[in-house]
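In: Fold the stuff below for me.
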Amino acid sequence: MPRFLIHHQHQPQECGIAYASFKGCGSSVRHLPAIASCAFGGHAIWWTVDARDARAALHDLPFFVGRRSSATQVAEVVVP
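Out: Next up is the predicted model:
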């Protein structure tokens, strides 16, 4: 199954909304580790997910997060 890197971006005043939007949501990324830059002023969160396509990867997110996110297909590579 293809793997996607989801990149979510929000404004500094929207951090609470972004995190709270997962409450009561059945998203597959809820309760999983993510990489985030909020604590350092970047206000972005990244996840890797397996999905059939980019649309399916974003569909699993809460509305607030999903509409502020992009999904890019990625794969692991060995850097020579």
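In: ok, residue 50 - contacts?
Out: Contacts here follow CB atoms under 8 Å, 6 or more residues apart in numbering; on that basis residue 50 touches 1-4. To be clear about C-beta, it is placed using only N, CA and C from the backbone, and glycine gets the same treatment.
In: Can you flag the buried ones in those?
Out: Restricting those to buried positions leaves residue 4, with burial counted as 16 or more other CB atoms under 10 Å.
In: from the contacts of residue 50, which has minimum pLDDT?
Out: Across the contacts of residue 50, the member with the lowest pLDDT is residue 1, scoring 91.
In: What are the boundaries of the helices in this protein?
Out: 15-20, 54-59, 63-66 (DSSP state H).
In: quick one: which of the ones you listed is nearest residue 78?
Out: Closest to residue 78 of the helices of the chain, according to CB to CB: helix 54-59, at 24.2 Å.
In: ok, so what distance separates the closest residue in space to residue 46 that isn't next to it in sequence from residue 45?
Out: Spatially, and ignoring its direct neighbours in sequence, residue 46 is nearest to residue 35 (4.6 Å; CB to CB, 6 or more residues apart in numbering). Residue 35 is 7 Å from residue 45, where distance means CB to CB, to the nearest Å.
In: Kindly report the same for residue 12.
Out: Per CB to CB, residue 12 is found 13 Å from residue 45.
In: what does residue 61 give?
Out: The spacing between residue 61 and residue 45, counted by CB to CB, is 10 Å.
In: and for the two, which residues touch both?
Out: Common neighbours of residue 61 and residue 45, counting by CB under 8 Å, 6+ apart, are residue 8.
In: now the strands for this protein?
Out: 3-9, 35-36, 44-50, 69-74 (DSSP state E).
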